[in-house]
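Asks: got a predicted model here, sequence first, then my questions.
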Amino acid sequence: QLSATFYSTTCSNVSTIVRNSVQQALTSDSRIAASLLRLHFHDCFVDGCDGSILLDVGGNITQSEKTAAPNANSVRGFDVVDSIKSSLESSCPGVVSCADILALAAESSVSLSGGPSWSVLLGRRDSLTANQAGANTSLPSPFGSLDDITSKFSAVGLDTTDLVALSGAHTFGRAQCQFFSQRLFNFSGTGSPDPTLNSTYLATLQQNCPQNGSGSTLNNLDPSTSDTFDNSYFTNLLINMGLLQTDQELFSTNGSSTISIVNNFANNQSAFFETFAQSMINMGNISPLTGTQGEIRTDCKKINGS
Ligand code: HEM
Ligand SMILES: [Ca+2]
Ligand SMILES: [Ca+2]
């Protein structure tokens, strides 16, 4: 049972400390807000929001989620999490969990980028384990069908509205060519590009991600407003300008219940912001450790005493 006032007597400035650190990090890295939001998502989908993604191999930890397929050479922002943790250890030693730091950093990242604010529920504790196989199986693939991603969300208690709203996180941040290049030249063995890709956008993407080029070249997930948290992710889908196959599927899968939700968010940014905030709370509630479960890590990368 998480609560917005969990640290009110033990670390009353926690939200401000996190927010200031994220703001500071943004001055030298315009992508960091997106990266921090994604870290919270990749934490919560694997054994719940318990900081498991932050652990390195060492001591009793024999596997790390960082090297699982969806994370390796992809998730980033760990240095900022460590710097937030050091500030908090100076102000309120041994009090704030790494899992809560991820939830707070996600909210600051969205609100500092122009998106909604919400009251973050707190009181999560940190795991004593990491689950690499779990990261490989529980995180959605950008090559999956809408049914695939829907079932990964429903496996953690999130519904279709949550799926569409949270996919709106792709309103900022970057993606490497390797995660959508299957759409550009020979889609599903057809010898042609994905028919649900806008032809002008296709030409730009083919230029940025040529065949036999580097799969790690970065592209904006939202070609309209790449660093702003707004509803242009959804207006892009209406004109076939979703970057990942799984983005465009939300609007282009015939008969899907996701289509009307995309239309609503494209036409009504406030509806998107309100739903996104609620869906972030829903995601943040995925099986947290509470009470005497787990621990409060001193160093987010390691179990205490190891
Ligand atoms: C619906 C299924 C989803 C799939 C298949 C998916 C897949 C991906 C992929 C492949 C990337 C690019 C990674 C890279 O190039 O290294 C990415 C980036 C990103 N994802 Fe998702 N994602 C999904 C849902 C979400 C959700 C629910 C959130 C957060 C609420 C999110 C937030 C982000 C952000 C902010 C980025 C950019 C990160 C950065 O620039 O560092 N994604 N996603
Ligand atoms: Ca986790
Ligand atoms: Ca945007």
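Replies: Sure, I can see it. Please read all numbers here as calculations on a predicted model, not as lab measurements. Ligands and ions are numbered 1, 2, ... in the order given.
Asks: helices of the protein, residue ranges please.
Replies: Along the chain, counting by DSSP state H, helices occupy 14-28, 32-44, 78-91, 98-112, 132-138, 146-155, 160-167, 199-208, 232-238, 245-252, 258-267, 269-284.
Asks: adding mean pLDDT, mean neighbour count and distance to residue 191, write the ones you listed out as JSON lines.
Replies: Any C-beta I mention is one placed from the backbone N, CA and C, and that applies to glycine too. As requested, the helices of the chain are exported to JSON lines (pLDDT from 0 to 100; neighbours: other CB atoms under 10 Å; distance: least, CB to CB, whole Å):
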{"stretch": "helix 14-28", "mean pLDDT": "98", "mean neighbour count": "18", "distance to residue 191": "43"}
{"stretch": "helix 32-44", "mean pLDDT": "99", "mean neighbour count": "25", "distance to residue 191": "34"}
{"stretch": "helix 78-91", "mean pLDDT": "98", "mean neighbour count": "17", "distance to residue 191": "41"}
{"stretch": "helix 98-112", "mean pLDDT": "99", "mean neighbour count": "27", "distance to residue 191": "41"}
{"stretch": "helix 132-138", "mean pLDDT": "98", "mean neighbour count": "17", "distance to residue 191": "31"}
{"stretch": "helix 146-155", "mean pLDDT": "98", "mean neighbour count": "16", "distance to residue 191": "24"}
{"stretch": "helix 160-167", "mean pLDDT": "99", "mean neighbour count": "22", "distance to residue 191": "29"}
{"stretch": "helix 199-208", "mean pLDDT": "98", "mean neighbour count": "14", "distance to residue 191": "15"}
{"stretch": "helix 232-238", "mean pLDDT": "99", "mean neighbour count": "23", "distance to residue 191": "25"}
{"stretch": "helix 245-252", "mean pLDDT": "98", "mean neighbour count": "22", "distance to residue 191": "17"}
{"stretch": "helix 258-267", "mean pLDDT": "99", "mean neighbour count": "18", "distance to residue 191": "28"}
{"stretch": "helix 269-284", "mean pLDDT": "99", "mean neighbour count": "20", "distance to residue 191": "37"}
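Asks: as CSV, the ones you listed with distance to residue 216 would be great.
Replies: Compiled in CSV, those are given as follows (distance: least, CB to CB, whole Å):
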stretch, distance to residue 216
helix 14-28, 21
helix 32-44, 15
helix 78-91, 18
helix 98-112, 23
helix 132-138, 20
helix 146-155, 23
helix 160-167, 23
helix 199-208, 12
helix 232-238, 23
helix 245-252, 18
helix 258-267, 29
helix 269-284, 28
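Asks: select, out of those, the one closest to ligand 2.
Replies: The closest of these to ligand 2 is helix 32-44. By CB to the ion, the value is 4.2 Å.
Asks: surely residue 235 and residue 224 touch.
Replies: Yes - if you go by CB atoms under 8 Å, residue 235 and residue 224 touch, sitting 7.4 Å apart.
Asks: with adjacent residues omitted, what lies nearest to whichever residue of the chain sits closest to ligand 1?
Replies: Closest to ligand 1 within the chain is residue 173: 2.4 Å, counting by CB to the nearest ligand atom. Excluding the flanking residues, the one nearest residue 173 by CB to CB, 6 or more residues apart in numbering is residue 34, at 2.8 Å.
Asks: ok, that neighbour - contacts?
Replies: 109, 113, 169, 172-174, 221, 227 (CB atoms under 8 Å, 6 or more residues apart in numbering).
Asks: highest neighbour count among the residues you listed?
Replies: Highest neighbour count within these, by other CB atoms under 10 Å: residue 109, with 31 neighbours.
Asks: if I look at that one, how far off is residue 263?
Replies: 27 Å (CB to CB, to the nearest Å).
Asks: how about residue 204?
Replies: 25 Å.
Asks: next one: residue 231
Replies: For residue 231, the distance to residue 263 - CB to CB - is 11 Å.
Asks: and the chain, which residues reach ligand 3?
Replies: Applying CB under 5 Å from the ion, one finds that the chain approaches ligand 3 through 171, 222, 225, 228, 230, 232.
Asks: need those residues in JSON lines with distance to residue 239, can you?
Replies: Compiled in JSON lines, those are given as follows (distance: CB to CB, whole Å):
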{"residue": "171", "distance to residue 239": "15"}
{"residue": "222", "distance to residue 239": "13"}
{"residue": "225", "distance to residue 239": "14"}
{"residue": "228", "distance to residue 239": "18"}
{"residue": "230", "distance to residue 239": "16"}
{"residue": "232", "distance to residue 239": "11"}
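Asks: top of the residues you listed by neighbour count?
Replies: residue 171 (27 neighbours).
Asks: mind checking pLDDT for residue 1?
Replies: On pLDDT, residue 1 comes in at 89.
Asks: go on, the one 3 residues further on?
Replies: At residue 4, the predicted lDDT confidence score is 98.
Asks: do I have it right that it meets residue 121?
Replies: Yes - taking contacts as CB under 8 Å, residue 4 lies within contact range of residue 121: 5.8 Å.
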